[in-house]
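J.: quick one, structure for this:
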Amino acid sequence: MPSLMTRLLSLALRVFRKPTLESAEDTREWLREPKDDPDPPLWLTQRHWITLREVSGFSSYTVLPREVEEPGKAVLYLHGGTYVTEIAAWHWVLISRMADAGCRVEVPIYGLAPEHTYREAFPFLTEVYRGLLEDVSAERTLIAGDSAGGGLALALAQTLTGAGLPEPARLVLISPWADMTMSNPDIAEVEERDPWLSPVGMVEAARSWAGGDDLSLPRLSPVYGELATLPPMDLYIGTRDLLLPDTRRLHALVTEVGGESHLYEEQGAFHIHPLVPVPEGSDARDRIMRTVEEL
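T.: Numbers count the residues shown, from 1 in each chain. From the prediction side, this is the model:
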């Protein structure tokens, strides 16, 4: 049975968040709402060294541990938010823990729909990664992301060889949105259990991010892209997460082509549970941090 905290949060999400995604019209209105400020919270600036720079017309934060002058390992973290909402407090908490583990954490603030599309994101993220490798070797670099950011991290990894860049040591993908078409027939069953997400609104957001392009393109839905040459990946998903069927499918496809994939399912957990301060996320958070510490 889910914990009391998870049940309370699930109720709040079902009442205040899910209705927006259950209607295409409400989702379009949500798309037009002003974006939040992506700046790190004050507590983070007091805990870590943080710098901001512009790359290809977008911003990228570098978060450094105060006690390590030149970290020898790094994480490129891509935040989620359905490609519509800005980086949030839960993301910064995990980023802070990664910096505490002695990492340089690079946090690109990519443009969001409807003002921006995926076509602008890839040149920006490629340059951020290229710049990161000037200071830290790819063998000690990890690319991580959650939800939309998890799908974007996977898609980015598929493009690195073509850009003349080495793959990172590992991918850590939390509830990755790997198929924007939302065409998996098993999604309908999970939707009844998911207190947060709905395919109607997600497809509407996906179309805006795609800028009119086919949602099955690998840069939008990396489950259809090259999977055999990727670095080892860890997949975190809850059984009450709408993205569960496609995460299982991604794991199966990577395994079938000889890749290395580790699937961690949490019973009763909802979307991006490792980022949320609920008991169901604690084991996943600990496992993620062990992966970061072992870089």
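
J.: and the longest helix along the chain, what does it pack against?
T.: The longest helix of the chain (DSSP state H) is helix 118-132. Contacts defined by 3 or more CB pairs under 8 Å, 6 or more residues apart in numbering; DSSP states H and E place helix 118-132 against strand 48-55, strand 58-65, strand 74-78, strand 104-109, helix 148-159. Every C-beta, even on glycine, is put in place using the N, C-alpha and C of the backbone.

J.: residue 23: which of those is closest?
T.: Among the helices and strands packed on helix 118-132, the nearest to residue 23 by CB to CB is helix 148-159 (19.5 Å).

J.: please name every helix or strand in contact with the closest one.
T.: In this structure, helix 148-159 makes packing contacts with strand 74-78, helix 118-132, strand 141-146, strand 170-174, judged by 3+ CB pairs under 8 Å, 6+ apart.

J.: quick one: the second one to chain centroid distance?
T.: When C-alpha coordinates are averaged (CA atoms, centre = their mean, to the nearest Å), helix 118-132 and its chain have centres 15 Å apart.

J.: contact partners of it?
T.: Applying CB atoms under 8 Å, 6 or more residues apart in numbering, the external contacts of helix 118-132 come out as 55-58, 60, 74, 76, 78, 83, 104, 106, 108, 110-111, 141, 143, 152, 155-156, 159-160, 163, 165, 209-211, 213, 219-220.

J.: hmm, try it at 7 Å
T.: With contacts defined as CB atoms under 7 Å, 6 or more residues apart in numbering, helix 118-132 is touched by 55-56, 58, 60, 74, 76, 106, 108, 110-111, 141, 152, 156, 159, 163, 165, 209-211, 219-220.

J.: how about the helices and strands packed on helix 148-159 in TSV, adding mean pLDDT and mean neighbour count?
T.: Below are these laid out as TSV (pLDDT from 0 to 100; neighbours: other CB atoms under 10 Å):
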stretch	mean pLDDT	mean neighbour count
strand 74-78	98	27
helix 118-132	98	19
strand 141-146	98	27
strand 170-174	98	26
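
J.: with distance to residue 277 added, can I get these in a markdown table?
T.: Shown next, in a markdown table, are those (distance: least, CB to CB, whole Å):
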| stretch | distance to residue 277 |
| --- | --- |
| strand 74-78 | 18 |
| helix 118-132 | 28 |
| strand 141-146 | 15 |
| strand 170-174 | 15 |
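
J.: looking at these, which is nearest to residue 256?
T.: strand 170-174 (17.4 Å).

J.: follow-up on the earlier one: so which of the helices and strands packed on helix 148-159 is nearest residue 231?
T.: strand 170-174 (5.5 Å).

J.: pull the CA atoms of the closest one into PDB?
T.: What follows is strand 170-174, C-alpha atoms only, in PDB (Å, rounded to 0.1, in the frame of the first residue of the first chain):
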ATOM      1  CA  ARG A 170      26.000   6.400 -18.000                       C
ATOM      2  CA  LEU A 171      22.400   7.600 -18.500                       C
ATOM      3  CA  VAL A 172      20.100   8.000 -15.500                       C
ATOM      4  CA  LEU A 173      16.500   8.400 -16.700                       C
ATOM      5  CA  ILE A 174      13.700   9.100 -14.200                       C
END
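
J.: that strand pairs with which strands, parallel or anti?
T.: For strand 170-174, sheet partners with direction are given as strand 141-146 (parallel), strand 233-238 (parallel), following DSSP bridges.

J.: from the chain's centroid, how far away is the first one?
T.: I take that to be strand 141-146. Strand 141-146 has its C-alpha centroid displaced from the chain centroid by 8 Å (CA atoms, centre = their mean).

J.: one more: the last one?
T.: Computed by CA atoms, centre = their mean, the separation of strand 233-238 from the middle of its chain amounts to 11 Å.
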